[in-house]
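**Q** no sequence for this one, just the structure:
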């Protein structure tokens, strides 16, 4: 009798162990949304950027901002702007006019190292030789015009200010006057000449210096 009881208990233990061995371990998988792929929206006009690819099609990344080159767009030089526009104070703008304050304003060249006069008359031009020419700005102001005039010469390759008279402005009263200055030496390249009167842009032109 004891033999049968022992065999029965032993058989029961085997069945229990066998049953345990057939169970499959269950892994709990958290329920949730699949991994989302973040889409980067291209920058619009004036949006921040690190490269052209960060901007919408047709825009360029200029000094960390997306730019179309249209009026009021960010720029470093006039080359960043649409044809016919100039880069004035880092913004693309239409050509400014001096006619509000001046009857005449011309840019030309005189021979360097000689005072302006009958033997050294300014010749209107936008092309200069830095070794032989100085740039001269001549103007005739309108009645009642008073203020200060200064210029900036911007390197069209780097966007840096090559020359500026903002710390040495020219006093302007009724009548005529002029400013002359030497030009940066170096290989042939373009510069943008911007002229301001009372901090308002009144003239812009691209000049070539060799």
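**A** It's in. Being a predicted model, the structure only gives us computed values, none of them experimental.
**Q** drop to CA atoms for contacts and neighbour counts, all remaining ones
**A** OK.
**Q** Could you tell me the average pLDDT over stretch 182-202, please?
**A** Mean per-residue pLDDT for stretch 182-202: 92.
**Q** Tell me the buried residues in that stretch?
**A** 182-184, 190-197, 201-202 (16 or more other Cα atoms under 10 Å).
**Q** Which member of these is positioned nearest residue 151?
**A** Among the buried residues of stretch 182-202, residue 195 lies closest to residue 151 (Cα to Cα), at 4.3 Å.
**Q** so which strand or helix has the closest one?
**A** strand 189-197 (DSSP states H and E).
**Q** just checking, what packs against that strand?
**A** Here strand 189-197 touches strand 147-155, strand 200-209, going by 3 or more Cα pairs under 8 Å, 6 or more residues apart in numbering; DSSP states H and E.
**Q** Looking at those, spot the one closest to residue 128.
**A** Proximity to residue 128 (Cα to Cα) singles out strand 200-209 among those, at 4.9 Å.
**Q** Now do the closest one: distance to the chain's middle.
**A** 18 Å (Cα atoms, centre = their mean, to the nearest Å).
**Q** domains of the protein?
**A** Domain segmentation of the chain under automatic domain parsing yields 52-93, 102-209.
**Q** hang on, the earlier thing: which of the buried residues of stretch 182-202 sits closest to residue 145?
**A** Using Cα to Cα, the buried residues of stretch 182-202 come closest to residue 145 at residue 197, 10.1 Å.
**Q** Now do the contacts for that closest one.
**A** Applying Cα atoms under 8 Å, 6 or more residues apart in numbering, we find residue 197 in contact with 147, 148, 149, 150.
**Q** Buried ones among these?
**A** By neighbour count, with 16+ other Cα under 10 Å, those hold 148, 149, 150 as buried.
**Q** quick check, nearest of those residues to residue 79?
**A** For the buried ones among the contacts of residue 197, the minimum distance to residue 79 (Cα to Cα) is 22.8 Å, reached by residue 150.
**Q** Quickly list what that closest one is bridged to.
**A** residue 196 (DSSP bridges).
**Q** And for residue 191?
**A** residue 155, residue 207.
**Q** how long is stretch 168-177 from one end to the other?
**A** Taking Cα to Cα, to the nearest Å, stretch 168-177 runs 15 Å from one end to the other.
**Q** Kindly report the same for stretch 57-69.
**A** 13 Å.
**Q** Need the contact partners of it.
**A** Contacts for stretch 57-69 (Cα under 8 Å, 6+ apart): 43-52, 54-55, 73-76, 80-82, 92.
**Q** please redo it, this time with the cut-off set to 6 Å
**A** 45-52, 55, 73-74, 80-82 (Cα atoms under 6 Å, 6 or more residues apart in numbering).
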